[in-house]
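# Sharing a model prediction with you, sequence too.
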Amino acid sequence: MEALPIVLMLIAAGYLIWRVTRRDTVQASKASDPAGHIRGNGEFDCEVVGESHYQRALERIAGGRSGDGAEHDCIAVLVPEPQNKHDRNAIRVDIDGMTVGYLSRGDARDLGKALRGKGLGGTTLTVNALIVGGWDRGGGDRGHFGVRLDIPSDD
């Protein structure tokens, strides 16, 4: 009888360790329905940051690794995070219900300002996205996945 609580504690500890180590593949919290879609210029020159923490999710979304790498077209959801402890202007990037990174501080600030100017501040939106990289050519030649968004710049 005394062994049962110890076994239960070990199972609970194992589960917590599993959840923490798999944070990039856990479904992102559901964002409110997107209010609209950002139409870009087809250049995909806005790079997502922090995607190194979400490689498993990106590999899953892109369909795995290959010798040539990925160029996977998809739709990203931009989710404002005003309660983010690191940056109140943070904008999270989700694809297929999984977090894959964030806009850079500068891009989040600029996009947030542009959206507020159009009365869309704090709104969840979608945008065309491209997952790139993720090659595996063997012999240790292995690249990270990255995400590029089709958000027009003011330049």
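Structure received. All values reported here derive from a predicted model rather than from experimental measurement. Numbering: from 1, shown residues only.

# now residue 152, what's its secondary structure?
When classified by DSSP: H, G, I helix; E, B strand; the rest coil, residue 152 comes out as coil.

# That one: what's it in contact with?
Neighbouring residues of residue 152 by Cβ atoms under 8 Å, 6 or more residues apart in numbering: 38-41. In this view, the C-beta of every residue, glycine as well, is placed from N, C-alpha and C.

# Residue nearest the middle of the protein, spatially speaking?
The residue lying closest to the centre of the chain (Cα atoms, centre = their mean) is residue 100, at 1.7 Å.

# would you say it is within a helix?
No - using three-state DSSP, the secondary structure at residue 100 is strand, not a helix.

# Can you report how many residues lie near the residue nearest to it when sequence neighbours are not counted?
Taking Cβ to Cβ, 6 or more residues apart in numbering, and ignoring the residues beside it in sequence, residue 100 has residue 54 as its nearest neighbour in space, at 4.7 Å. By other Cβ atoms under 10 Å, the residues close to residue 54 number 26.

# Quick check: the farthest pair among the contacts of residue 152?
Pairwise distances across these (Cβ to Cβ) peak at 10.7 Å, for the pair 38 and 41.

# Check the contact lists of these two and give me the overlap.
150, 152.
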